[in-house]
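Student: Let me see the structure of the following:
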Amino acid sequence: MRKVTPLLLSVLMLLLGVYTTAMAQSFDERLAYQKHIKSYEFDKALVALQEVPTKSLSLKEKRLILRLETVVMVDGMKQETQSNILAANETDLDPEIVKAAKRQYRNAQDLFLEGKDEIVELVLINILNIYPGYFKAEMLMEKGLEKRKGDYKVYDVVGKLSSRAANYFYGGSYYLASKDYEVLAIIDNKNPEVFEKMGSNYYMMNQKQEALDAWTQSLFLDPNNKELKSFIENTKRYLAAEASKKAATPKVAKEKVQIDDPQVMGVFKSQTQAFDLMESLKARGLKVLVEEDDKGRWVVTVSREELRRANAKTK
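Tutor: Model prediction:
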């Protein structure tokens, strides 16, 4: 066995230190890109992620790099000419509409990075419906979803989803309704009615905590909804009562029956027959063991001594 010299030990320690430092840097870089994404600093997130060694990247992270490149490219694009004569001018629009369009575009970016392209398309179409010709929405549709003008139709997404979700709800298709309400919560997130209906839908799905969360958001947007406040309080009391009931229910541990002097009382192919015999023997005060043998039969056993004492009492 080769002797470890002080010089060799120093080299090994140095290599270990380099490896440990590299691992720490790689971990820090991962944290960095996630923080940048949350702050919408997509260019910085891309740089941080590209600095991670390729071999260390997961498949998900490699896909994320491609999507970050698209988002950064679209953010850097400038609308040189107003080629769309129907495009709205930001100064002519209601400031609240402009604000809503920009907020929804940020949501679209988040969803695009997450790979939720179907929802991204709905959000972008809604943006173009309220803000015709919104350049970045058109570019993300084209560069990110590979859909040019003419490949998609601009329409009132909120109106369509609201109507469809209501039909699903009253038709008992609560799961389908929940999908539409989740999109509406992104697009129309200042509308208390969206969250109130979403909460009612979750309630029907027996997802009461999710219902509470949605209703609370609705009440935040419309504090004067006294009826909804009553629903929230009643649901909270119900959940508290259920939690107390579960906490108060004793957990009965099933004890393993052990018999040192076994006396076989019966062997049955039917578990029901074995159960019936077990119940009758228990009624006599006997400890009973029921086990399945290697032939799939049910063997009923009691203590020989207990059986002797029980028989003596009946004489």
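
Student: where does this structure dip in pLDDT?
Tutor: Along the chain, segments meeting pLDDT under 70 span 1-30, 80-88, 248-256, 315.

Student: And the residue nearest the centre of it?
Tutor: Closest to where the C-alpha atoms of the chain average out (C-alpha atoms, centre = their mean) is Glu210, at 11.7 Å.

Student: Surely that residue is in a strand?
Tutor: No: according to DSSP: H, G, I helix; E, B strand; the rest coil, the state of Glu210 is helix, so it is not within a strand.

Student: gap between it and Tyr203?
Tutor: Going from Glu210 to Tyr203 by C-beta to C-beta, to the nearest Å gives 9 Å. Glycine gets a C-beta too; all of them are placed from N, C-alpha and C.

Student: can you check Leu140 too?
Tutor: To Tyr203, Leu140 is 35 Å away according to C-beta to C-beta.

Student: who's more crowded, those two?
Tutor: More crowded of Leu140 and Tyr203, by other C-beta atoms under 10 Å: Leu140, with 27 against 18.

Student: Can you tell me, leaving aside adjacent residues, what's nearest to that one?
Tutor: Of all residues not flanking Leu140 in the chain, Val74 sits nearest, at 5.2 Å (C-beta to C-beta, 6 or more residues apart in numbering).

Student: Also His36?
Tutor: Closest to His36 by C-beta to C-beta, 6+ apart is Ala45, at 3.6 Å.

Student: Tell me who's in contact with the one you found.
Tutor: Ala45 makes contact with Ala32, Tyr33, Gln34, His36, Ile37, Leu68 under the criterion C-beta atoms under 8 Å, 6 or more residues apart in numbering.

Student: Tell me the one of those nearest Glu114?
Tutor: Nearest to Glu114 out of the contacts of Ala45 is Ile37 (C-beta to C-beta; 10.1 Å).

Student: what helix or strand does that closest one sit in?
Tutor: Element membership of Ile37, judged by DSSP states H and E, is helix 6-38.

Student: Then Val267?
Tutor: Using DSSP H and E, Val267 sits in strand 262-268.

Student: That strand pairs with which strands, and in what direction?
Tutor: strand 298-303 (antiparallel) (DSSP bridges).

Student: Report all helices and strands that the helix or strand just after the strand it pairs with contacts.
Tutor: For strand 298-303, the following helix or strand on the C-terminal side (DSSP H and E) is helix 304-314. For helix 304-314, the elements it packs on are strand 262-268, judged by 3 or more C-beta pairs under 8 Å, 6 or more residues apart in numbering; DSSP states H and E.

Student: Show me what the helix or strand hosting Val183 is packed against.
Tutor: Following DSSP H and E, one finds Val183 within helix 174-187. Counting contacts by 3+ C-beta pairs under 8 Å, 6+ apart, helix 174-187 is packed against helix 95-113, helix 117-130, helix 157-170, helix 192-204.

Student: show me what contacts Asp43?
Tutor: Val72, Asp75.

Student: make it 6 Å
Tutor: Val72 (C-beta atoms under 6 Å, 6 or more residues apart in numbering).

Student: Am I right that it falls within a helix?
Tutor: Yes: judged by three-state DSSP, Asp43 forms part of a helix.

Student: how close does it get to Gln34?
Tutor: Taken as C-beta to C-beta, the span from Asp43 to Gln34 is 15 Å.

Student: do the same with Asn311
Tutor: Using C-beta to C-beta, which is the criterion applied here, Asn311 is 75 Å from Gln34.

Student: which of these two has more neighbours?
Tutor: Gln34 (13 against 10).

Student: Just give the nearest non-adjacent residue to the more buried one, would you?
Tutor: With C-beta to C-beta, 6+ apart as the criterion, Gln34 has its nearest non-adjacent residue at 7.7 Å, and that residue is Ala45.
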